[in-house]
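1. pasting the sequence and the predicted model now:
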Amino acid sequence: MNLGQLLTWIAFLASLTAGLCFLAASGGREGAVRPAKIAFRVQWLALLGSAAVLWTILFHHQFRYQYVASYSSRSMPGHYVYAAFWGGQEGTFVLWALITSSLGLVLMRIKHPLIPSSMFFLNLPLIMLALVTVMRGPFLEFPPGRVPIDGNGLNPLLQDPWMTIHPPVLFTGFSSLVAPFAIAMAALIKREYDGWIKVVLPWAVFSTAILATGFIMGGVWAYKVLGWGGYWGWDPVENGSLIPWLSNMALVHGLLVQRVTGSLRRTNFFLAITSYVLVLYASFLTRSGVLADFSVHSFVNLGLNGFLLSFLFLTAGVGYGALLYRMRDIPRPAEPLGNFSRESMMWLGQLVFMLMCALTAVGMSAPLITRLFGPPSNVQTSYYNLVNAPLAVAMGLLLGLAPLMRWRRHEARVLLRSALPSMAVALLVTLGAVAAGVREPLPAAVVFGAAWALATNTVVTIRGFRAGWKHGAAYLGHMGVSVLLIGIVASSRYGNSVQVQLPQGQARTALGYRLTFEGVKKSDHGKDRVMIAVDAPERRFEALPAMYWSEFNQGYMKKPHIERFITHDIYISPLEMVGGDATEHVLWLSKGETKQVGEVRYTFIDFDRQMGDVVRVAARLRVEIGGRTVPARPVLEMNLQNGTPNSIPDYLPGGGSVQIASVDPNTGRVALEVPGMPRAQAGNILAVEVSTKPLINLVWLGAIVMLASAFMSVARRVLDLKRAAPAPA
Amino acid sequence: MNVKIVMALALLAVAAALGVSSFRKSVTPYISFSEARRSSGLVQVNGVLANKNYVLEQDRQFLQFDLKDARGEVLPVQYHGVIPGNFDQATSIVAIGRYHDGHFEADQLLVKCPSKYQAEAEKKGGSAT
C-alpha cells in the first residue's frame, strides 16, 4: 500500500467514525460532539493529504501510477499537470470529497441546534466518496516492470487555461448542494420546520452563485475556445449542472416566501432534497457511461454503475421517505397562500423553474427513456430551445409583475396602475425589436417579457439600493436575467451563419465580408494558426483561428477567431483543411483495394520487390480510365548507401501520370500521387464557418450582473445568520 | 378557483403538451438500416465504412460511401457539406438524415476516430482490479 492509498483508507475510516459520532450527537449525546468533530477534521486532513500526494506524483511524473500515466505526460506545461488532477474520473471523486468536507468544516462552525444532525447527513456522501476512492482511487500502480516511460498526456481539448479553474468551481457548486439537503434532513428529523430557514438560506444562495459562476465560465470556454459557435450546447454535463441549479433557485424563492408568510413548508423540503438528488442523478448519467455515445464529455465507465445507482436510490429513498413520514406533522400555514399576491406569483415562479428543470431533465434522459421502448436515442438540441422558450416568456412576465406586488394580497387596480409604466417601456422595446427584424411571435414574446422584467426591476432595484444594498441585491439579479434573456434571443436566433471554402490566396465573400486565406502560421508548440485577412465594412482585421493536427485525438484541433464589436461579434470558426496534411494529398491503397479519384478508378494488386544496393519497390496497379483498363507500374527506388529515394512515375492514357509517394511496409499499403488529387504545393483549401452574433455582449453583461447580485445576496444572508447566532466558535 | 391555480394549471398544460410534442419531434432514434429504408422521418444510423470505394469530391463538398452495420447490412449514403477530416480512418460513423431514392441522404455526419484517450482508459479500466 502506498501513501495515497493509506490516506484514502484513513479518510474512509474517519468518515465512518464521524458519521457514527454525529449520529450519537444528533441523538442528544453531548459527549459525542467532540470526537465527531475530531474525526471529521482527521477526514479532511486525510483528503487534503491525498490531494497533495496526487499533485506531487503528477508533478514528479511518477508514471508507475496508472492515473499519472493516463492523464499527464512529461511534455505538458505545469498548469496542465496541475489540471490533470481532474482529468480523469478517479481524481474528480477525490476533488468532490475534498470540497464536500471543506464545506463541512464551515458548516460545523455554525452554532445551531440543527448542526450535529446536519453534519451526519453531510457526512453520508463523504462515506460514499471515500469508499469509491478506496475501491478505485487514483493511486493504483502498474506492476513492476510494466511502468511506462512517458504518460499519455491530457486530451488537448482539455488543455486550456479554463480547464485549470472551471472544473473545481463547478464541482464546488455541485458539491455545495449537499448543505441544503443535509440541513433540510436535520430539520425534518428534529421537527424544526421553520427554524432551518435562517441556516439554510446562505448555503442555498451560495450554491446558486457558485454554480452560476461555473456555467458562465463554461459558456465563455465553449464560445471562445471550443468553437461550439455558442456559449451553451445543451450537453449532458451542462444540463447536469443546470437542473440542480434550477431546482435550487426554486428553493431559494420558496424559502423567502416561507420566511415571510409561513407557507410552502413541504414544498421547500421537497426542493432541498430534490436538488441534491438531481446532483447525484446527473453525476450518475455523466459518469456511468450510459451517455458515452451521446456526449462529448462524459466519462468512460469505471464499473461503478451499480454503486452510483444504489447511492442515488438510497439518498432519494431516505430523503423523500423522511419527508413523507413527517408530511402530516408539518403544520399548515396560518393563512393559505394568497390568491393574487407576491407570494403566489413567487409560487408560480417556482413552478416555472421546476418545469424548466423537469423538461431539461427529460431531454437529457432521452437515451434512457427511449431505451424502454426501443433503441436508445437522443433528442436534437432544438428540443431544449423549443420547450424552454415559452417558459422563459412566463418567467419574464412574472418578473415584470411580482416585484411590484405586496406580500399577502394586492388590489388588481393598484397593481395595474403601478405596472403601466414598465409595460409601456416593454411595448416600446418590443416594437423596436420587431422593427429590427424580430418577426417570429415566440422570440418577440421573450423580448417583451424580458423587457418588462428589466423595466420593473430597474425601478425596484434603484428603490432598494436607496434603502440599503441589502434590499436591492436580489432585484439586481432579476435585471441581469432580463438582459441575459434578450442577449440570448438576439445572439442565437438572429445571427447569420454561412460555410465557405477558401482556396489559398483567393478572396471569397461571405455575409458581406471579404475573406482571403493567406496561409498557415507555424507556432513553436505545434499549435498552428491559419491566417485569414478579413475586409469587413466595420474594419479590416487579420483573423488567426487555431487549426492544427493532434496526434492524441487523431483529428484537427480548432479554435475560433472572434472579432469583437460593441453591437456584435464576427465569429470565424475553422472547419476543415484540405491539402494541408502530408497524408491528405495522396491516395492510400491496401492490396486489392479500389478507390476512385475523379473519373479514374485505381486498384492496387501487389508489390514487386527487388533487393540489392538499391531497393526497388514497384506497385502493380490496374487503372480503369475512360472505359479502358490498363496496367500501371510506378516504381520507388531507395539507394541504401546515401538513403535518397527516387520515384519513377508511370504514365496513364490521356497524359496523366501516377507515382509512389511512400510505402508503408507494416500495413503493406502504398501511397500514390495521381492526377486530380490536390497537391500540397498547389495550395490548400480551408473551410470555415463565418457567423455573426448580434448583441452577444448583453449575454456577458447579464451574466456578470446576475453573478454580482448572487454574491451580494450571499453576503447578505451570511450577515443575517451571524447576527442571529453571534460569535461562532 | 383562484387566479394562481388557473395560471398554474395553464402553465402545466402548456409545458406538458409542449414537452411531449417537442420530444417526439426532436428525438432521432438510432435504427437499423432496414428500418431506415422504411421510415420517412429524420433518423440516425450508425456503422462502419463498408469498403474503401468511396467518392470524395472536396470542391463540390460531396461524399458518397457505403455504410455497414453490425449485422453486415450495407447502406449507400450521400452527404453534401463540409467533409469531416480523416473520414476514411473512422472507426464508426453516425449519419443523421433520411432515406430516399435508394440511398440515405445525410444532413449530418459524426465521425468517431480511434481515440488514444478512450482506448487507454478502457484498457486500464479493465485491468485495474
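-> Now that the structure is in, tell me what you want to look at.
2. okay, CA-based contacts and neighbour counts for the rest of this
-> Will do.
3. which residues touch A:Gly477?
-> Counting by Cα atoms under 8 Å, 6 or more residues apart in numbering or on different chains, A:Gly477 touches A:705-710.
4. helix or strand next in line after the helix or strand hosting it, which one?
-> Using DSSP states H and E, A:Gly477 falls within helix A:469-493. Per DSSP H and E, the first helix or strand lying C-terminal to helix A:469-493 is strand A:497-503.
5. return the distance of that following strand from the chain's centre.
-> Counting by Cα atoms, centre = their mean, to the nearest Å, strand A:497-503 is centred 28 Å from the centre of its parent chain.
6. and stretch A:321-339, by the same measure?
-> Relative to its parent chain, stretch A:321-339 has a centroid offset of 37 Å by Cα atoms, centre = their mean.
7. can you check stretch A:650-666 too?
-> Its chain's average C-alpha position is 48 Å from that of stretch A:650-666, according to Cα atoms, centre = their mean.
8. one more: stretch A:374-388?
-> 18 Å.
9. could you pull up the mean pLDDT of that stretch?
-> For stretch A:374-388, the mean pLDDT works out to 83.
10. and if you look at stretch A:500-518?
-> The average of the pLDDT scores along stretch A:500-518 is 88.
11. most neighbours of all the contacts of A:Gly477, which one?
-> Neighbour counts for the contacts of A:Gly477 peak at A:Met706, which has 27 neighbours (criterion: other Cα atoms under 10 Å in any protein chain shown).
12. just the element for that one, please.
-> Assessed by DSSP H and E, A:Met706 sits inside helix A:696-724.
13. what is that helix packed up against?
-> helix A:196-221, helix A:469-493, strand A:568-578 (3 or more Cα pairs under 8 Å, 6 or more residues apart in numbering or on different chains; DSSP states H and E).
14. and the second one, what's buried?
-> Within helix A:469-493, the residues scored as buried using 16 or more other Cα atoms under 10 Å in any protein chain shown are A:471-492.
15. in chain B, which spans are strands?
-> B:27-29, B:43-49, B:55-57, B:62-68, B:74-80, B:92-100, B:103-112 (DSSP state E).
16. can I get the CA coordinates of the longest one in PDB?
-> In this case it means strand B:103-112. Backbone C-alpha positions of strand B:103-112 (Å, rounded to 0.1, in the frame of the first residue of the first chain) are rendered in PDB as follows:
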ATOM      1  CA  HIS B 103     -29.900   6.000 -50.600                       C
ATOM      2  CA  PHE B 104     -29.500   7.600 -47.300                       C
ATOM      3  CA  GLU B 105     -29.200  11.400 -47.500                       C
ATOM      4  CA  ALA B 106     -27.200  12.500 -44.500                       C
ATOM      5  CA  ASP B 107     -27.700  16.100 -43.100                       C
ATOM      6  CA  GLN B 108     -25.000  15.500 -40.600                       C
ATOM      7  CA  LEU B 109     -22.100  13.100 -40.200                       C
ATOM      8  CA  LEU B 110     -20.500  12.300 -36.900                       C
ATOM      9  CA  VAL B 111     -17.200  10.500 -37.200                       C
ATOM     10  CA  LYS B 112     -15.600   8.700 -34.400                       C
END
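17. dump the residue contacts of A:Phe139.
-> By Cα under 8 Å, 6+ apart, A:Phe139 lies in contact with A:2, A:4-5, A:54, A:65-67.
18. whoops, I mixed them up, A:Ser341
-> A:402, A:405-410.
19. any of the residues you listed buried? List them.
-> Those of the contacts of A:Ser341 that meet the buried threshold are A:402, A:405, A:407-408, A:410, by 16+ other Cα under 10 Å.
20. hang on, the earlier thing: which one of the contacts of A:Phe139 has the most neighbours?
-> Sorting the contacts of A:Phe139 by how many neighbours each has (other Cα under 10 Å) puts A:Tyr67 first, at 29 neighbours.
21. how about that one, nearest residue that isn't a chain neighbour?
-> The shortest distance from A:Tyr67 to any residue other than its chain neighbours is 5.4 Å, reached at A:Pro138 (Cα to Cα, 6 or more residues apart in numbering or on different chains).
22. which one of the contacts of A:Ser341 is nearest A:Arg723?
-> Nearest to A:Arg723 among those: A:Trp407, at 24.5 Å, using Cα to Cα.
23. from chain B, how far off is that closest one?
-> 14 Å (Cα to the nearest Cα, to the nearest Å).
24. with A:Leu201 instead?
-> Applying Cα to the nearest Cα, the value for A:Leu201 to chain B is 26 Å.
25. please name the nearest non-neighbouring residue to the closest residue to chain B within chain A.
-> The minimum distance from chain A to chain B, using Cα to the nearest Cα, falls at A:Val379 (4.0 Å). Take A:Val379 and drop its neighbours on the chain: the residue closest to it by Cα to Cα, 6+ apart is B:Val27, 4.0 Å away.
26. now do the same contact list for that neighbour.
-> Shown in contact with B:Val27 (Cα under 8 Å, 6+ apart): A:366, A:377-380.
27. in helices, which of those residues fall?
-> A:Ala366 (DSSP state H).
28. Throw the contacts of B:Val27 into CSV and include distance to B:Ala17, thanks.
-> Compiled in CSV, the contacts of B:Val27 are given as follows (distance: Cα to Cα, whole Å):
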residue, distance to B:Ala17
A:Ala366, 17
A:Ser377, 21
A:Asn378, 19
A:Val379, 17
A:Gln380, 18
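29. so which residue of chain B comes closest to chain A?
-> With Cα to the nearest Cα, the shortest gap between chain B and chain A falls at B:Val27, namely 4.0 Å.
30. assign A:Val447 to helix, strand or coil.
-> helix (DSSP: H, G, I helix; E, B strand; the rest coil).
31. count the neighbours of it for me.
-> Using other Cα under 10 Å, A:Val447 is surrounded by 31 other residues.
32. in the lengthiest helix in chain B, what's buried?
-> Counting residues, the longest helix found in chain B (DSSP H) is helix B:3-26. By neighbour count on 16+ other Cα under 10 Å, the buried set for helix B:3-26 is B:4, B:8, B:11, B:15, B:18-19, B:22-23, B:26.
33. let's have the strands of chain B in JSON lines, adding distance to A:Asn684.
-> As requested, these are arranged in JSON lines below (distance: least, Cα to Cα, whole Å):
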{"stretch": "strand B:27-29", "distance to A:Asn684": "36"}
{"stretch": "strand B:43-49", "distance to A:Asn684": "26"}
{"stretch": "strand B:55-57", "distance to A:Asn684": "14"}
{"stretch": "strand B:62-68", "distance to A:Asn684": "18"}
{"stretch": "strand B:74-80", "distance to A:Asn684": "20"}
{"stretch": "strand B:92-100", "distance to A:Asn684": "26"}
{"stretch": "strand B:103-112", "distance to A:Asn684": "22"}
